[in-house]
Each structure stands twice: as C-alpha cells, then as structure tokens.
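A.B. asks: sequence unknown, structure follows:
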C-alpha cells in the first residue's frame, strides 16, 4: 500500500512531498554498521539450527536400517531368469533348492542345442552361515521351470539358509530363515 501524500498549505504556498517519498522507496546499498545490530553469536546459532532437520533425517534412516529386522530375500531375478529359494526340512536334513523360471520363451533354444555349449549354466552354493556347512550344485538350464536341489544337515543353531546363485555373468544372493528346532516324537 502506497503511503498517502501529505499536502500542507501555508498561506498561498503548497508543499508537495511526493519526490522525497519516491526517493525513500528506492533500495539503498547497505552501509557497514547500518541496520539492526546482530551479535555474531546469534548468527552462528541460527546456522546450527539449519542442520537440525538433516540430523533428524540421518538419525531416522540409521534407525530404520539398523533396528528394523531384515526381510528375507528368497526371490529375485538374474540374467533373464526368476529364481526362488526353497527350504524343506526332512528327518535330519534340510532339502534346499532353487527354482529357475525363464522370463523369455525357450522354444527356439530346445531344438538343435548341444548340451553344455549353448545353454546357460547355473551354479548354486547353499550354506548355513555361522556353521560352515555348504553344498554346491551346478547344471544347464535346458527347460523352464527347472530346479537345482541339494541337502544340508539340519543344525538347530543355524539362523538362516543362504544360496549364492550365478547364471552366466549375473550373481545374486538369496536367503531365508532356517526352520525352527526339530520336534522330537514323544513315546508314551
């Protein structure tokens, strides 16, 4: 809102102050020492408060990735194949397997193909981290779906079953929690 112009009459002379008001509205360069006096301490404190939201976000991300439990990853895609890890307890062993399902049709590959030359080879290393137990399985992916299976001993201390899968140049690590302790049959 523009300030009203004050016109004062003194006798026959009219004083008009519009030029002075327009001159005061033009921005002037700030001179050193002009303006409100702020202490240097207050300026530094304001700069510290701008980092507070960033600190809160970083702390939240740290808590999210450290405190929230890891979700098992038993499905993934590697080199055009969908792979799924399966763990089935049977007596004193864990039957572990990885199922490969092609994302592209395999009709043209199956005819006139020499085994081991034109087919992609898949390798899987099953392990129980922390126990040292491992099983290695390899095979050509001639059809879709195809499952590579292995066996591991069922150890009660094992926390999870891990499978390192590689198809061609692609590699992925899958895992899921190990089954709980075996139920011993009671004889009554």
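C.D. replies: Looks like it arrived, so ask away. Given the structure is predicted, the values throughout are model-derived calculations rather than measurements.
A.B. asks: which SSE is residue 155 in?
C.D. replies: Under DSSP states H and E, no helix or strand contains residue 155.
A.B. asks: now residue 66
C.D. replies: Using DSSP H and E, residue 66 sits within helix 52-67.
A.B. asks: mind listing what the next helix or strand after that helix pairs with, with the direction of each?
C.D. replies: Note on helix 52-67: by DSSP H and E, the next helix or strand toward the C-terminus is strand 75-78. Strand pairing for strand 75-78, determined by DSSP bridges: strand 81-90 (antiparallel).
A.B. asks: Any idea how many residues pack against residue 123?
C.D. replies: Residues lying near residue 123 (other C-beta atoms under 10 Å) number 14. Bear in mind the C-beta positions are built from the backbone N, C-alpha and C, glycine included.
A.B. asks: Would you check that it makes contact with residue 140?
C.D. replies: No - using C-beta atoms under 8 Å, residue 123 is not in contact with residue 140, being 10.7 Å away.
A.B. asks: In this protein, what residue spans correspond to strands?
C.D. replies: 7-10, 13-16, 75-78, 81-90, 93-102, 121-128, 133-140, 146-153, 160-167, 170-177 (DSSP state E).
A.B. asks: Minimum distance to residue 61: which of those has it?
C.D. replies: Residue 61 lies closest to strand 170-177 among those, at 23.0 Å (C-beta to C-beta).
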